[in-house]
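1. Please work out how this folds:
(6 chains)
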Amino acid sequence: MIEALLLMMGLGAVAGTLLGIASKIFYVWEDPRIALVVDCLAGANCGGCGYTGCGACAAAMVSGEAPVSACIVAGADGAAKVAAVLGLEAGAAEALTSQNTCTGGFRAPEKFSYMGVNDCRAAYLLYAGAKDCDVGCLGFGSCVKACVFDALKIGPDGYPVVDEEKCVGCGACEKACPKGIMQVRKPSDRLLHMNLVTDRLAPCRQTCPAEVNIPKYINHIKRGEYDKAWLTVMERNPLPLSTGRVCPHPCEDACRRALADDPVSINQLKRFCSDWVMNKGTSLKIPVAPDTGYKVAIVGGGPSGLSAAFYLRRLGHKVKIFEWLPKLGGMIYYGIPEYRLPKEILYEDINRIFGLGGIEVKTGVKFGVDFDLESLVGGGFDAVLMTIGAMNHASARIPDEDKVKGVLPATVYLRRQGLGDPCPIGKRVGVIGGGNVAMDCLRSSVRLGAEKVYCLYRRTIKEMPANVVEIEACEHEGIEFITLCTPTKFTTDEEGILTGIEYLKNELGEPDASGRRKPVPIEGSETVIPLDNFILAIGQTTDSAFADEEGTAVSRLETKWGAIVNDSDTHQTAIPYVFTSGDCAGPPGLLVAAVGAGRRAARGIHKYLMGEDMAFPPARLRVDSRRMKGHIPGTIFDSIEGIQRKGRIAQPELEPGSYERQHTYAEVDLTVTEEDALKEANRCMRCCLTCYNKDTS
Amino acid sequence: MSSQKKLVVAHAPYWHDGSKISTKNYHIMIAALPAVLMGISQYGAPALAVIAFAMACAMIWEVIWNLILGKSASIGDGSAAVTGMLLGMLMPATAPWWLIALGTFIAIIVGKQIFGGIGFNPLNPPLLALAMLVISFTGIFDFNESLRHYDLGFVMTYPLADLKAFGPDAIGKFGMGDLFMGRQAGAIGSTFGLGLIVGGLYLILRGYMRWEISLSFLAGVFITALLFNLSDSAKYAGPLFHLFTGYTLVAAFFLLPEDSSSPANFIPMLIFGAMAGMMTVLIRNIGAYVDGVVFAVLLMNLCNPLLDKIRPKAIGKVVENA
Amino acid sequence: MGDYILLAVGAILVNNILLIQYLGNCPFLGTSKSMDNATGMAMAVVFVLALAGIVTWIFEAVFLKPLGLEYMRTIVFIVVIAALVQFVEIFMKKSMPALYAGLGIFLPLITTNCAVMGVCLINIKEEYNFLEMLVSSIAYPAGFGLALILFAGLRERIIIGRVPGPLQDVSIALVTAGFMSLSFLGFKGMI
Amino acid sequence: MIKRSFLGLVKPALRYNLAPGSVQELPVPNKVILLLKASENGGPPSTLKVGDAVKTGQRLSASPDSAEYVISSVTGTISAMSPHVGTLAQKYTAITIDASGQDDWDDEFNKEPTLDTALRFFEGAPGSPSFKAFADPEKTIRTVVINGMDDDLLLTANQCVVQNEAAEIKNGVDILKKMTGVERVVIAVPESLVQQASATGAELKTVRGTYPNSLPQMIMKDVLGQMVEAGDTPEDEGVVFVTAEAVAALGAAFRAGQLPVSKVVTVVGKGGSTRNVRARIGTPLRDVLQACNVSVSERDRLVLGGPMRGIATYSDELPLEPGTDGIVVQDEADSAQTTDYPCINCGECIRICPVKIPVNMLVRFLEARLYEEAAAMYDLHCCIECGLCSYVCVSRIPIFQYIKLGKYELSLIETAEAE
Amino acid sequence: MAKTIVQEFTKGLWEEIPPFRLVLGLCPVLAVTKTVANGVGMGVAATFVLVCSNILVSALRNIIPSQVRVPCFIIIIATFVVVVELVMQAVAYPLFLQLGIFIPLIVVNCIILGRAEAFASKNPPVASIADGLGIGVGFTIALGALAGIREAFGAGTISVPFSDTVIQLFGPSFQPFTFMVEAPGAFVCLGLVLAIMNLIGK
Amino acid sequence: MRDIIRMIVVLAVMAACGGALLAGVKSGTAAKIEYQQLKFVKGPAIIEILEGCSNDPLVDRFKVKDGEVERGFYVGVFDGKANTVVFESFGKGFGGDIGVMVGVNIETDELLGMGVTTHAETPGLGSRAKDDPSFRAQFKGLSITEPVKVKPDGGQIDAVSGATITSRGVCQGVTDSSAFYSRLKPQILEQARAFAK
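-> Here you go, the predicted model:
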């Protein structure tokens, strides 16, 4: 008994002494983190990790050789602790995931039959692989073999499918792919990505000014994954309900399906999926990057400002919006009438943006009056985005246009409607202009009680920039088009109140710079029509008078024709921390263009704040969606074969001539049914650069 | 630049000498025929049944495995048939059906397919199966016991068992000529020395087999047995006896040179064969088992990866003096 | 002399500690993925086991047996081995960095290598004298090393093969180890 | 296809075709396509435009300071320029020139036989010579070897040149010496061409007529007794190889004052019919094949070069390149079919490998994509790329492709590490 | 993060069942699974040590200096191993003989030291008991299952733990595939069972 | 320095506690273990050899000093006469020592039987020497004074097939025992007598 006790005690003491002294005498410095990591591991020295003991494993982890999860005994908790010790948690918050960008697979045509090593990289050595498409997936699954997490497999269509649950974003697939199809990106990087000529982009996607991944979300709709479709849209467009209603959808003009029958009703599908999400009422989680600590001020709560706010927030910055009008939305609130875009629907979009959290808003404050750049900088903002829009109207160059009573600028006319205080109008109203704003003025005049509404335009209906559907809607609502006319003077009564307008007939001459034929007035063709009100809807300009004030910071901004000059890629102005986007940065454009510009501005600001290179890569894709130019070579076809013809679905709308249609602001265009949406989604050929699904159902 | 007709693009070379795994395997089966036919003629229908059933079973296991894994069928290459045939050749004619089914399962699935199939088996599949069966079912592989109902007009005891039990004195009754001509008890396809040698020579000449391994193995057996015999001829049998009995010849020509479990470089092949021969005689003379071939070959299979590291210096290779 | 050779051959081949006695399997599987690790581990085991064999044998002779405390062998031996290994590691790290780079990383693994403990216990159980103990303490780990190196050779080929998914890694390694063990049965009866 | 001999124990001996036939001159084609190596950053050439007129012998390059150029082989106008990807993922700009039918010679070529001239006009001349090694300060070139053999089976283009143009070669040898300052010029020819070759003025060496003895590394070993170290080129050992055709072209150019624009090519049809023709560089393959009455149909193989080392191509609209010594058309039934069977370790490749590489292990490592290990342990860089291992592989593994892939991937890794 | 006691227990039965999921402590798994009785006996012995050492390590976790953590754990474990050794000799001597050297070798079983390190030294005693019990029971089940397979094929019997009963599974004509109870059979069998476990997943 | 002392103290105390605990357990189980050892290690062989004896040989045992070592003898009483003793000897197998129980009729010096107690032989082969009754039966009736050998060595015992080494080891164990049996015979006779009934 006592021997046992003594023996063990002696043994313990000797061992302890020996080790204690030895560890002092033979002390060797090593990375202190190794010891900390060892503490997190199982300490069993079992060798299960493949390293020789826990110390070696820890050293490997510290040096980055071994993943933090290498110790199977310590498990996931251990891995988390090791990550904490090594400070890897910052990177872990924004998870990298892999995405396959090619949708070709088996359907992509081949230029030859390949025989040899079943490996993409091997096949690539022979004329870049058998696939006709230079950037298409070769389908041998080198990425699958490279993935040690079993997160990739070749799907039934012959291209790799990522299992996002399993993907850890290690990047092995990206390295393995000879064609750069697999891309491992953080969500932020995906938000920041701009279309490149080297991307795999369908024609519609190239054309969309907001660069929405159209084939992807339509494919989600096809599979009934409406929420995923909506999230896909939100990657590029935070106002899907609004754009779904008012977008003139240039994408559909580029749709390859149009070569066989009709283009796919892309915009209706977007509207469908975003309405579905709205009606479902649940809030889908939109990922937001960890806070960066930067604050950005956005002057103007229009679509571009809202879009920029949304993406800046998602990139991890704090945002505050300053708006001089009581409501957010800018031109889409105050410019687009209720019957096209109900205010509450618009606010669904806006509220979702604020749903991210971290975005503040202050309304009723005007830049240059209530605050200026100095006060913003003083308020701790690191960058300022000006999205003040174009709220001044352009002149129609008719004498006395701002003196004659009853002549109204479209901006004012529409804004007063938005404010709930419409301008009183008479029975006969004329609107000059052929754009969508003009159409809005025309159609709201009908609703405000005008009996006779004229549209005056200097070219023909064919040349009108407004959407065809809008023009048709006007016709449905009994609006008369007076085309090829140039108003020359107003006729007034003695009080200076408008009674009519005199105009000259035009004929079309040579095409001008925009490719449209120039109208030439015909001498002596004067005609007069009686009018009570005349609305000027021929364009807007930015009110940038504040830039003229000497001695302020703002005065360093350059302006050109009222617009604030910026770099069209980075949106940076002459003042490095000031960015502009939307209508105030150039000629007023489409809502969807403003949304796209908002994201570009967000990118510019993000890169500026993070100190990264702001310039676009040389491979930036620049498509002119108005003139359908600049697409990736070879992607715009003349004809396609093998498509079973099947027309597009009709746009449901309020019965023309009905009371609601003529006299109320009830929404005219309706959302398609789920059945129709699925039918339409199935018409989509899921194009990529050159290949497309021939057997659409 | 795409043309209407699609050509086939492959990497060079565009010529091939026409050899195929299946051809190779069919030739191995042809070469084994003389020994097998002799076995069948001696032991009759049961021997035929064993060989046929072993081949069938082996191929069925292979097919089943391919189906389970969804791999393309590899049955056409004949390797399963060869494995089955060789395993059958190593069995006594009285082997029960379940033994063959189990043996082929081990050989095909456990011995080969779970390592990735043909070319990846680290050990010789038929021998692996045989080793497992031998240590499990000693009764069946005791040839004296299992062949006792046969009377074929020659001494019906298993020479090696006699040697083990009674020493070299007991083997005088076996004439070398008889042993060579297959007039001895044993497994179906391993007794007919002449047939095996003819088959082996055929394979060697046709280039389907590595002669280095066979010859060094035979030399290894011969020399080791001779040394033992010289040291104490009262305890150890002579070299020819070791050559012509047991599995020696079938191992030399059909088992040892199995492709994936044997070395491919010249010197390793010689070492491999010679060591296997030496181990065979060692086990026979001083080990616990009656016939050493099975374990000798398996042991050398284990050494194969290490042995194959001995290789000629490639032309142009720079040896750094580190 | 002959006895010692027989003892050595028996320990290396016939009663191979890994393949026949099932001791030391964790490091066997863990360090056999590459030939370099396998050789390092083999050498480290020989080194430590030779030391541990001597120390434990002396402990048994000096303390346990005279005091009648044989039943405490397990606890005494493991403490001795653990302390010894740790001491050797600390010592080697400082004094012989070159050797440590080669062997040191394998040392911590050896504490829980049951082959070390196992051989020490066998030495006592078989009542070896000092020389026999020494032979056994070197021959057993030599057998461990031999098996480990052969196994690493096989495994290097198997890893680059086409083993079906569920069988990969440890699973196929165990099956291969089984085959090795089977082959080593061939040495049976040789001493 | 040469089949395995009955007695497989004997190593198969593949013999070169040593009977060069006569050369038939082809007319100037309607259009030629020239493949200009694309510059690093991609993008279309800045100095060339569609519609530009070019003269025969005109030097075309992407930009004034670009080192890459092609020599126009016809007179005409550029009708198209498109990107083209070749083997080893090499990017080219394919310049299509519609030929006018008349040759109007460009006069930029000056006749000073200097190294500069060689670099400026003869990189990529017929036979695809390269003079960069002479200009490389890190290399000391002591010997030039004129290869009078063809580097592949069936082909006789080079032998043809030795047979018919010994005088031009002699002139070429003199110019080569002047240009490079290298004194030792060796010509390696088969036994059958000794007579012609002895008239060239170069040091005469004979090469055995079995494959792969005409490959540079083998000539180095057998004829010069030098060893090319793994991963090195003969240039690193001070030896530059040029084909007989290139030397002849050099000689002819300085004699006539016109840059060489055509080359000899051996055309082998499906039945094995062999003809030698001389065609303009850049001639679409279709024109060459039509002139030789060789047709190509679906699933055939169209090989540029010979059956062991050539490059199968995918369209007969592709052009004849300066390095193309042969065009082989193979019927599907005659061509080698590869499989994805694993190596069964039969050892055939080891027996036949002329440089003693353990191909059985090498291919396993390459299959597992362990390229660095393959190079470090299994002599990947020793490979001289003769293709014999694939030729004899029982499993029909595309070993040669694996080797090429491995070398390519390693070069990528090295470049990545160098950055 | 915080698991309930039940979860701590059940994870050892499937998710982290040694040695199939945690491929540790293989030596006894291979050596003593010749019969079910031996396997379960070993499992119970290991479970006892595991639970006891977990309790003690957990209780003393704040006292033990981290530098000598491992030696201390080893002492604790070794103590219980010797206790088991002695008790088993006194109570179940035949089993002790069968398990032989593997009882003292529990001390170097990575599972036990691993649990002490990874769990008990960081968690309170109750959770540590649950963890030890779970892992131990899982270990016992695994040993029993493996032994069942090996014994059934290799001997045609199933021996009931803690009794002398041996159930004959097959008729007298059955020829046992004794390979399974030999050393190599242990490796092969465990390897294949691991593959099946991998196939089933967690 | 303080932490080193703490280390030493903790280790020593812990080790001491362990030691104490073990010592306690040991003293509590010692008697039981001894009997268990006897019963399960040697018991079966002894009882088998002395099948049919009228006493409990595990109880009827005595020890005789043979130089340094002490040897245990178990007495079997047949027909009222304590004419049989069983004792243990060792032979060399290839797995280590083989314990052999030898039963001898002290009156005739004839072997009554043989049993294997401990061995480390390969299961299925060598271990059959323990389990195979026909192998053991061969020893019955041989004389203890004659060397016992297997047939290959020129003896009279058929080796267990496949386990010649083990068989040889068993025979050697039996043969070796004759030496000390003869040497100690006087004491044995004397002691055994005490158990006669």
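2. list the buried ones in the helix ranked longest in chain A?
-> The residue-count maximum for a helix in chain A (DSSP state H) belongs to helix A:2-25. Residues of helix A:2-25 classed as buried: A:3-5, A:7-9, A:11-20, A:22-23 (neighbour count, 16 or more other Cβ atoms under 10 Å in any protein chain shown). Any C-beta I mention is one placed from the backbone N, CA and C, and that applies to glycine too.
3. Poorly predicted segments of the chain, please.
-> This is for chain A. Scanning chain A for pLDDT under 70 picks out A:1, A:28-31, A:39, A:42-53, A:69-78, A:87-94, A:514, A:696-697.
4. Please refer instead to chain D.
-> Using pLDDT under 70, chain D drops low at D:1-5, D:7-9, D:39-44.
5. picking that back up, give me the packing partners of the following helix or strand past the longest helix of chain A, helices and strands only.
-> Scanning forward in sequence from helix A:2-25 by DSSP states H and E, the next helix or strand is helix A:32-40. Using 3 or more Cβ pairs under 8 Å, 6 or more residues apart in numbering or on different chains; DSSP states H and E as the contact test, the elements touching helix A:32-40 are helix A:53-62, helix A:75-86.
6. how about those helices in TSV, adding distance to chain C and mean neighbour count?
-> Shown next, in TSV, are these (distance: least, Cβ to the nearest Cβ, whole Å; neighbours: other Cβ atoms under 10 Å in any protein chain shown):
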stretch	distance to chain C	mean neighbour count
helix A:53-62	3	25
helix A:75-86	17	18
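7. what about those helices, which gets the closest to chain E?
-> Nearest to chain E among these is helix A:75-86 (7.1 Å), distances taken as Cβ to the nearest Cβ.
8. tell me the phi and psi of the residue of the stretch 51-200 of chain B found nearest chain F?
-> Closest contact between the stretch 51-200 of chain B and chain F, by Cβ to the nearest Cβ, is at B:G167 (6.3 Å). Dihedral angles of B:G167 (phi, psi; degrees, to the nearest 10) stand at phi 80, psi 180.
9. okay, it: pLDDT?
-> pLDDT recorded at B:G167 is 79.
10. Chain F next: which of the buried residues of helix A:2-25 are close?
-> A:3-5, A:7-9, A:11-13, A:15-17, A:19-20 (Cβ under 8 Å from any Cβ of the partner chain).
11. What about chain E: which of the residues you listed touch it?
-> A:12, A:15-16, A:19-20.
12. what's the closest of the residues you listed to chain C?
-> For those, the residue nearest chain C by Cβ to the nearest Cβ is A:A15; the value is 3.8 Å.
13. I'd assumed C:A83 was in contact with that closest one.
-> Yes - with contact defined as Cβ atoms under 8 Å, A:A15 counts as touching C:A83 (3.8 Å).
14. Which residues are in contact with each of the two?
-> Here A:A15 and C:A83 have E:P71 as joint contacts, going by Cβ atoms under 8 Å, 6 or more residues apart in numbering or on different chains.
15. give me phi/psi at A:V520?
-> According to degrees, to the nearest 10, A:V520 has phi -120, psi 120.
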